[in-house]
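# coords please:
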Amino acid sequence: MFSSCADPKSLEGFSWLICYLTSGKHIDFYWSFLTVLILLVVTAPTALAFGFGGAVAARSHFLPLRWFGKIYTAMVRGVPDIVFFLFFVIALDQGIEWMKHQIVCPDWTEPVRQGLEFRVCPQAKVPLGTSPQIWHQLYGFALAVFTFAIVFGAFAANVLYGAMNAVPRAQLETAESYGMSHGQVFRRILVPQMWTYALPGLSNLWMILIKATPLLFLLGVKDIVYWARELGSAKTQAYAYPHPDWRLWYFLFLLVAYLCMTRVSEIVLKKLAARLNHGQATAAGEAMRRAAQ
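Below you'll find the predicted structure:
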């Protein structure tokens with residue numbers, strides 16, 4: 001990065017350390033923190049949308065839709081996350097390529113499944129083999145985000161389903177007695193009230209999502225865990241900056257970074273809970289009312 005770092009072998013002490021920490025791979029390491037933050041920012045609302053849809057479906061009076069909601073939450077919650085991640089990413093990737101294969105290569109005569117191999121025509125590859133590397137990285141990241149959203153959406157659906165059931169039935173009946181339709185009661189009474197009951201469970205899911213981001217490493221995305229292992233492992237004289245095994249220090253740095261993220265999240269969630277509970281007819285709201293007296 002600096003002109004003085006052109007010849008690492010001539011460096012010593014603090015100058016060597018500065019050049020080492022600003023090398024190209026370390027810049028990628030620092031950027032990988034942005035990858036994790038983007039994952040959280042994109043996945044959280046997407047998972048919440050999936051969860052809301054699943055909860056509404058599970059409460060539906062239409063039997064097939066209610067079955068779909070309950071099966072979705074039960075299936076995903078009953079499978080270990082790592083198994084679902086590894087299976088779903090492969091299945092989704094092959095499913096997309098198979099559908100594209102049917103469209104762009106209708107004259108293809110060879111079977112797609114050849115023993116243990118999955119082969120489609122070159123034009124059906126997603127992204128194409130000739131595409132820039134950035135598109136391969138974005139595609140892998142998109143698959144990871146969608147998988148995270150599916151898994152955590154199932155957990156969110158269970159939380160939101162319980163929160164909807166926790167809203168006092170008397171409030172809903174009162175709204176109906178004033179002439180509100182079922183849709184109006186849902187939008188104006190049930191949904192606004194349920195967040196108070198859902199927030200504790202959703203807060204726990206947010207913390208779990210933060211701790212689950214290292215699974216990006218298993219999905220082929222070069223995240224902070226990948227770079228910590230890559231940079232921390234022992235480097236011989238064949239590398240520009242040889243050093244012994246420093247993985248302990250790199251992973252200690254990640255430990256501190258994750259603790260900082262969770263601590264900031266706790267502060268924000270606590271303020272959000274206080275805002276939602278203010279004036280609400282709940283145990284937390286009553287505690288706030290008494291404390292203010």
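# ok, residue 185 touching residue 176?
Yes - using CB atoms under 8 Å, residue 185 is in contact with residue 176, at 6.0 Å. (C-beta placed from N, C-alpha, C; glycine too.)
# who's more crowded, the two?
It is residue 185, of residue 185 and residue 176, that has more neighbours when counted by other CB atoms under 10 Å, with 18 against 14.
# residues in contact with that one?
172, 175-176 (CB atoms under 8 Å, 6 or more residues apart in numbering).
# And residue 112, by the same measure?
98, 101, 118-120.
# now with 10 Å?
94, 97-98, 101-102, 105, 118-121, 124 (CB atoms under 10 Å, 6 or more residues apart in numbering).
# how close does it sit to residue 102?
9 Å (CB to CB, to the nearest Å).
# anything in contact with each of the two?
120, 124.
# what about this structure, any weak spots by pLDDT?
1-4, 6, 8, 10-11, 278-293 (pLDDT under 70).
# Go again with 80.
1-16, 75-82, 84-86, 88, 108-117, 129-131, 215-222, 236-238, 240-241, 275-293 (pLDDT under 80).
# Show me which of the contacts of residue 112 are buried.
Burial by neighbour count, 16 or more other CB atoms under 10 Å: within the contacts of residue 112 this picks out 94, 97, 101, 105, 120-121, 124.
# Which members of those are the farthest-apart pair?
94 and 105 (14.9 Å; CB to CB).
# how about the helices of the stretch 151-293 of the chain, start to end?
For the stretch 151-293 of the chain, applying DSSP state H, counting those that start in this stretch gives helices covering 169-177, 182-185, 191-212, 224-232, 247-277, 283-292.
# okay, those in JSON lines with distance to residue 153 next?
Listed next are those as JSON lines, based on distance: least, CB to CB, whole Å:
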{"stretch": "helix 169-177", "distance to residue 153": "25"}
{"stretch": "helix 182-185", "distance to residue 153": "23"}
{"stretch": "helix 191-212", "distance to residue 153": "10"}
{"stretch": "helix 224-232", "distance to residue 153": "23"}
{"stretch": "helix 247-277", "distance to residue 153": "19"}
{"stretch": "helix 283-292", "distance to residue 153": "26"}
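# and the contacts of residue 112 as CSV, adding secondary structure and distance to residue 25?
Output for the contacts of residue 112, formatted as CSV (DSSP: H, G, I helix; E, B strand; the rest coil; distance: CB to CB, whole Å):
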residue, secondary structure, distance to residue 25
94, helix, 32
97, helix, 31
98, helix, 36
101, helix, 37
102, helix, 41
105, coil, 39
118, strand, 32
119, coil, 34
120, coil, 34
121, coil, 36
124, helix, 34
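# So which of the residues you listed is the closest to residue 258?
residue 94 (32.7 Å).
# May I ask you to confirm that residue 144 is in contact with residue 222?
No - using CB atoms under 10 Å, residue 144 is not in contact with residue 222; the gap is 11.4 Å.
# what's residue 33 in contact with, if anything?
With CB under 10 Å, 6+ apart, residue 33 has these contacts: 223-224, 227, 254, 257, 261.
# Among these, name the buried ones.
223-224, 227, 254, 261.
# In CSV, list the C-alpha atoms belonging to stretch 138-155.
Once non-C-alpha atoms are left out, stretch 138-155 reads as follows in CSV (Å, rounded to 0.1, in the frame of the first residue of the first chain):
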residue,chain,number,x,y,z
LEU,A,138,-22.2,-11.7,-5.6
TYR,A,139,-24.1,-14.8,-6.7
GLY,A,140,-22.6,-16.9,-3.8
PHE,A,141,-23.4,-14.1,-1.4
ALA,A,142,-27.0,-13.9,-2.6
LEU,A,143,-27.5,-17.6,-2.1
ALA,A,144,-26.1,-17.3,1.4
VAL,A,145,-28.4,-14.4,2.2
PHE,A,146,-31.5,-16.2,0.9
THR,A,147,-30.5,-19.4,2.9
PHE,A,148,-30.0,-17.4,6.1
ALA,A,149,-33.4,-15.6,5.5
ILE,A,150,-35.2,-19.0,5.0
VAL,A,151,-33.7,-20.5,8.2
PHE,A,152,-34.1,-17.5,10.5
GLY,A,153,-37.4,-16.7,8.9
ALA,A,154,-38.7,-20.0,10.3
PHE,A,155,-37.6,-19.0,13.8
